[in-house]
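>>> Predicted model and sequence below, questions to follow.
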Amino acid sequence: MPSVDEELVSLSEYYFSILYTVIMANINPDLQKERQNGTFEVEKLTNVLDGDKFVTDRRRYVESLALNEKELTDGPDYNFMSRKERYVNSLRKAVHFLKCCNKYNFENPADVYMFERTAFPNEVSPIGLHSAMFIPTLRGQGTKEQIEKWVPLAENHQIIGTYVQTELGHGTFIRGLETTATYDPKTEEFILNSPTLTSTKWWPGGLGKTCNYAVVMALLYTDGKNYGMHPFIVQLRSLDTHEALPGLAIGDIGPKFGYDTIDNGFLRFNHYRIPRMNMLMKSAQVLEDGTYIKSTKNDKSSYGAMVFIRSVMIFGVAARGLAQACTIAIRYSAVRRQSELKKSQPEPQILDYQTQQYKLFPLLASAYAMWFTGLQIRDLYFTVNYDIQQGDTERLPELHALSSGLKSITTSMASWGIERCRLACGGHGYSAASGLPKIYVNVSPACTYEGENTVMLLQCARYLMKAYDAAKNGQKLSGSVDYLSERISLRSSITSEFSLASLVDAYKHRAARMTKEASERLGRLQACGNDPEDAWNLNSVVLTKVAEAHCHYYMVLVFESIVESVEDDGVKEVLKQLCQLFALFGIHENLGDFIQDGFLSNEQMVLVKQKELSLLSDIRRNAVLLVDAFDISDHLLGSILGRFDGNVYENLFEWAKTSPLNKPEVQESYVKYLWPLLNQNKSKL
Ligand SMILES: CCCCC/C=C\C/C=C\C/C=C\CCCCC(=O)SCCNC(=O)CCNC(=O)[C@H](O)C(C)(C)COP(=O)(O)OP(=O)(O)OC[C@H]1O[C@@H](n2cnc3c(N)ncnc32)[C@H](O)[C@@H]1OP(=O)(O)O
Ligand SMILES: Cc1cc2nc3c(=O)[nH]c(=O)nc-3n(C[C@H](O)[C@H](O)[C@H](O)COP(=O)(O)OP(=O)(O)OC[C@H]3O[C@@H](n4cnc5c(N)ncnc54)[C@H](O)[C@@H]3O)c2cc1C
């Protein structure tokens, strides 16, 4: 007998197939042709992207639950709302979302995440930080007793919290934060204080108007000594009136580049007291008498929430953001016809222009590379985190380096790529109807939050320099830096076959050579009199490139391993083409790195450029199916240009008619401003 879940899944498959048939009946003919001409089965590739068929079915089922919730999907068009309306609407949806979580009683956090993603398409909910950072920090940094006390309150939403770290004066440099938590043994309380204007907490999501609790990062003082940054649970607002508690000044920081649905806020403490036990004490304790005791080996374990978000952002923000933009731009390029290739022939689909393919297909390949890498790092996070829970922090530095570096290169690639997709859609790309502006403003801050991208690359480089030194001293390295202690090939093995192994090898060579040279340069800078910090700074542009090279290598390596693991021939072939294009585009873009020491010969360079162009033609045939395989619903895309049915023009026209500026026919502003202007000289007409 099938389980309830199995029944639901087959029901959702059934509805999906009906929906698919209905939609196909009304598909733009160009898109229909694209979908008939492919060389592989889309569904099989979707299963690879999801992990397996079961995950695909489950995801569709969970998404269908969210799509059936009218409270989440109906309502005013986001594009026509004011900032305040966007916040209020999002909070309304957030509360309904919580009711749904109770109703459906999801046991797996992945279900909650998929449901939330559908409820908040390219938006962040005002309570998003509650589950993304507040609860994980309570769990990660609390003692058993603290977890037992606070987590149920948070999970039952009796309290709603956020993560409060950044200040007006400092975000990157955590040791420069100024908020103090001074222990008072007489009352067994901590006194939180903002001693300067620059110590005002600034940016935390949901702080402005929504949350009544927070984990606050502050400098711990006890017995007159500063022990650095520690996490504290702080009540911010009355649970009855929601007013800020005495001793606190809280508010919204005002409009931003995007993120309209969330109230990023400020917070000032005026000698605000909290009980001793509100310090999260898993890594360090303050006893009743003020004695400070450190209980974990790695003093960066309190940075765990940041490592978590960086690890999940690669897939959740960068890969999915770029995949959505590619879906929009490629579908639109298949239905848009413009100019002429040959006289007296119909105007071609713009996707047939090689230049259009060169704009879009490397981005498509990057989206796939990020997608697979993101899933890999998410899994690595859970493995390492499990070890940490058992007291083993050995792999934390590697996870920190990889998640920092990959968070940086993928969010940079994605935000650059989304803008490129917008430009590739010509004029209509600039309309909010394209959905691309909303995707862009949702992805672009990821280059800054959870560690500014340059700073994160330098964290990764720091790890690479240490690893290289260890390898030089004879240590055998493992994990993602194992290649630094291997003998690497001096000449590229790339041939006209373009085996994936030869491409991985090229990236490995580049990363290893650049790491070695950066390390030697660092040594030379110190040898000629610079102290280590100045030498580091004078070498930092080079170091960011080293980190990029390492992360790029890692992405090619992961992509190759996925291609190798796929059994279906059709899917394997298209993924191989994408993997080759990702690698070759990267070589072309960074050619100097690959030819500098003669690794790549002139002949090989010519081959690379030829193959890159021939791959465009290969991928052209499957381009629409390759974006269909991401299986991103129209609701999530929020794009008229990227609609699954390709019926762009009629829907653009209908959408424009709903613009509030079109109602009423004659606007008040005409009467107030234009009429007087137009009529001032009327008598002279
Ligand atoms: C459930 C699925 C969800 C999916 C959805 C996906 C995501 C979306 C979710 C939410 C998004 C919505 C909203 C956005 C939220 C944004 C929240 C924030 O931005 S919170 C604030 C984040 N702030 C930062 O990231 C600050 C960046 N700065 C730092 O991290 C650090 O200060 C530093 C730059 C790394 C330097 O730290 P410090 O000065 O203390 O240390 P050093 O002396 O330089 O280094 C000492 C040593 O420690 C290592 N290290 C540093 N950080 C870590 C770490 N996190 N973990 C492990 N190790 C770390 C460092 O490398 C040094 O090592 P060593 O060389 O060996 O000495
Ligand atoms: C949308 C959004 C949401 C956010 N949400 C939260 C939240 O929920 N909670 C929270 O606590 N914070 C939050 N933040 C704050 C965010 O984490 C910080 O803005 C981020 O860590 C960057 O720090 P910063 O603003 O101090 O940048 P800065 O460090 O001032 O960066 C400015 C420039 O200085 C350079 N720079 C700085 N230090 C170095 C260095 N050591 N080496 C080389 N270059 C350097 C950077 O590369 C950058 O070019 C959010 C920010 C945004 C934009």
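Received it, and whenever you're ready, just let me know what you need. Ligands and ions are numbered 1, 2, ... in the order given.

>>> so where's the stretch 201-350 of the chain shaky on pLDDT?
296-299 (pLDDT under 70).

>>> need the residues of it near ligand 2, please.
Within the stretch 201-350 of the chain, the positions near ligand 2 by CB under 6 Å from any ligand atom are 203-205, 259, 264. The C-beta positions use only the backbone N, C-alpha and C, and glycine is treated the same way.

>>> Go through the residues you listed and name the one nearest Thr179.
Distance to Thr179 across these (CB to CB) is lowest for Pro204, with 12.1 Å.

>>> can you tell me the helix or strand for whichever residue of the chain sits closest to ligand 2?
Closest contact between the chain and ligand 2, by CB to the nearest ligand atom, is at Gly171 (2.5 Å). Following DSSP states H and E, one finds Gly171 outside all helices and strands.

>>> Now do the contacts for the closest residue to ligand 1 within the stretch 1-150 of the chain.
Nearest to ligand 1, among the residues of the stretch 1-150 of the chain, is Ala132, at 4.3 Å (CB to the nearest ligand atom). Ala132 is in contact with Ile309, counting by CB atoms under 8 Å, 6 or more residues apart in numbering.

>>> which is the next helix or strand following the host helix or strand of Arg331?
According to DSSP H and E, Arg331 maps onto helix 320-335. Using DSSP H and E, the helix or strand that follows helix 320-335 in sequence is helix 354-389.

>>> and that following helix, what other elements does it pack with?
helix 304-313, helix 320-335, helix 396-424, helix 540-565, helix 569-589, helix 602-628 (3 or more CB pairs under 8 Å, 6 or more residues apart in numbering; DSSP states H and E).

>>> With mean neighbour count as new columns, can these be given to me in JSON lines?
What follows is the helices and strands packed on helix 354-389, written out as JSON lines (neighbours: other CB atoms under 10 Å):
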{"stretch": "helix 304-313", "mean neighbour count": "24"}
{"stretch": "helix 320-335", "mean neighbour count": "28"}
{"stretch": "helix 396-424", "mean neighbour count": "25"}
{"stretch": "helix 540-565", "mean neighbour count": "22"}
{"stretch": "helix 569-589", "mean neighbour count": "22"}
{"stretch": "helix 602-628", "mean neighbour count": "18"}
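
>>> Distance to Asn681 for those - can I get that in TSV?
Below are the helices and strands packed on helix 354-389 laid out as TSV (distance: least, CB to CB, whole Å):
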stretch	distance to Asn681
helix 304-313	60
helix 320-335	46
helix 396-424	43
helix 540-565	62
helix 569-589	59
helix 602-628	56
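
>>> least reliable of those helices going by mean pLDDT?
Per-stretch mean pLDDT for the helices and strands packed on helix 354-389 is lowest at helix 304-313 (a mean of 92).

>>> quick one: that one to helix 320-335, angle?
When axes from the mean of the first three to the mean of the last three CA atoms, to 10 degrees is applied, the directions of helix 304-313 and helix 320-335 differ by 20 degrees.

>>> Quick one: residues contacting Arg521.
So Arg521 contacts 539, 542 (CB under 8 Å, 6+ apart).

>>> Looking at Leu380 now. What's its pLDDT?
96.

>>> that older thread, which two among the residues of the stretch 201-350 of the chain next to ligand 2 are spaced furthest apart?
For those, the maximum inter-member distance is 12.1 Å, found between Pro204 and Tyr259 (CB to CB).

>>> Not counting sequence-adjacent ones, nearest residue to the residue nearest the centre of the chain?
Compute the mean C-alpha point of the chain, and by CA atoms, centre = their mean the closest residue is Val317, 2.2 Å away. Closest residue to Val317 apart from its sequence neighbours, by CB to CB, 6 or more residues apart in numbering: Ala446 at 4.7 Å.

>>> what's the neighbour count on that neighbour?
Using other CB atoms under 10 Å, Ala446 has 24 other residues around it.

>>> That one falls within a helix, correct?
Yes - under DSSP: H, G, I helix; E, B strand; the rest coil, Ala446 falls within a helix.

>>> didn't it look like it was pressed against Ile314?
No - Ala446 is beyond contact range of Ile314, at 9.6 Å (criterion: CB atoms under 8 Å).

>>> joint contacts of those two?
Joint contacts of Ala446 and Ile314 (CB under 8 Å, 6+ apart) are Lys407.

>>> and the closest residue to ligand 1 within the stretch 451-600 of the chain, what is it in contact with?
With CB to the nearest ligand atom, the shortest gap between the stretch 451-600 of the chain and ligand 1 falls at Gly451, namely 3.5 Å. Contacts of Gly451 were listed using CB under 8 Å, 6+ apart, and they are 172, 306, 310, 404, 407-408, 459.

>>> Arg621 now?
37-39.

>>> Tell me which stretches of the stretch 51-200 of the chain form helices.
For the stretch 51-200 of the chain, the helices defined by DSSP state H, counting those that start in this stretch cover 53-67, 70-73, 83-104, 109-119, 128-129, 135-141, 144-155.

>>> Quickly find the element holding the residue of the stretch 551-685 of the chain found nearest ligand 1.
The nearest approach of the stretch 551-685 of the chain to ligand 1 comes at Leu636, 13.8 Å away (CB to the nearest ligand atom). Here Leu636, judged by DSSP H and E, is contained in helix 634-637.
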